[in-house]
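In: generate coordinates for the sequence data below:
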Amino acid sequence: MKSTGTGDRPIQLRALQMEDFPVVEKWSKDNAFCLANGWEIGRNEDELYSWWNNCAHNQSHDFVRLGIQYESRLIGYVDLANINGKSAELGIAIGESKVWGHGVGTEALKQLMIYATAKFGTQLFDAETNEVNMRSRKMLEKLGFTEISRIGSEEYMGKESQLIQFRYNKGE
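Out: Predicted coordinates:
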């Protein structure tokens, strides 16, 4: 799944591999990444390895996690969850915080939506983010998502934050 990407720096979605673990371990030591993605700070290496092993060998019929490759290196992952007929939920985590805010996430989610439509016939995409996560909100809005509700809250960047649910319908 190649893309023209952001300018001359192509983004590619690809299968996760166990060989990616050193990169994932590096993300786990980035406190900003951990706080933004709900990862435990100081996560045990064996537990992290076991989690990554499950990610790399996922056999679920209603969940897909793909790596985001940018400038020839793994920099994060995208998720399709609750794949059900014509709908699915999107998720994203950019492990390299230095590329946050550069359009990489927007391009990766755009590719994921194209993939989901081609592979599963997905037409309705849901996503959720924290009210204070302005980068994520802007990214979803840039992709054409609209806010549909504000239900629940969770910790984000160490503080309790309102959750906002978004939806994109390709059929409209």
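
In: can you pull out the strands in the protein?
Out: Counting by DSSP state E, the chain has strands at residues 11-14, 63-70, 73-84, 87-94, 124-130, 146-149, 153-156, 159-169.

In: now mean pLDDT too, for those strands, in TSV please.
Out: Output for those, formatted as TSV (pLDDT from 0 to 100):
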stretch	mean pLDDT
strand 11-14	95
strand 63-70	96
strand 73-84	95
strand 87-94	95
strand 124-130	96
strand 146-149	97
strand 153-156	87
strand 159-169	94
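
In: got those as a markdown table, with distance to residue 56 and mean neighbour count columns?
Out: To be clear about C-beta, it is placed using only N, CA and C from the backbone, and glycine gets the same treatment. Below are the strands of the chain laid out as a markdown table (distance: least, C-beta to C-beta, whole Å; neighbours: other C-beta atoms under 10 Å):
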| stretch | distance to residue 56 | mean neighbour count |
| --- | --- | --- |
| strand 11-14 | 12 | 18 |
| strand 63-70 | 9 | 21 |
| strand 73-84 | 11 | 18 |
| strand 87-94 | 15 | 21 |
| strand 124-130 | 24 | 20 |
| strand 146-149 | 33 | 12 |
| strand 153-156 | 26 | 14 |
| strand 159-169 | 28 | 16 |
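
In: so what pairs up with the spatially most central residue of the chain in the strands?
Out: The centre of the chain sits closest to residue 92, judged by C-alpha atoms, centre = their mean, with a distance of 0.9 Å. When assigned by DSSP bridges, residue 92 has beta-bridge partners residue 78.

In: what's the distance between residue 11 and residue 34?
Out: Going from residue 11 to residue 34 by C-beta to C-beta, to the nearest Å gives 23 Å.

In: could you do residue 113 as well?
Out: Distance from residue 113 to residue 34, by C-beta to C-beta: 27 Å.

In: hmm, back to that, to residue 39, which of the strands of the chain lies closest?
Out: Between residue 39 and the strands of the chain, the tightest spacing by C-beta to C-beta is seen for strand 87-94, at 8.6 Å.

In: which neighbouring elements make contact with the closest one?
Out: Judged by 3 or more C-beta pairs under 8 Å, 6 or more residues apart in numbering; DSSP states H and E, strand 87-94 is in contact with helix 31-37, strand 73-84, helix 104-120, strand 124-130.

In: how about the ones you listed in JSON lines, adding distance to residue 59?
Out: Putting the helices and strands packed on strand 87-94 into JSON lines (distance: least, C-beta to C-beta, whole Å) gives the following:
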{"stretch": "helix 31-37", "distance to residue 59": "23"}
{"stretch": "strand 73-84", "distance to residue 59": "13"}
{"stretch": "helix 104-120", "distance to residue 59": "16"}
{"stretch": "strand 124-130", "distance to residue 59": "23"}
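
In: with that, I have no additional questions.
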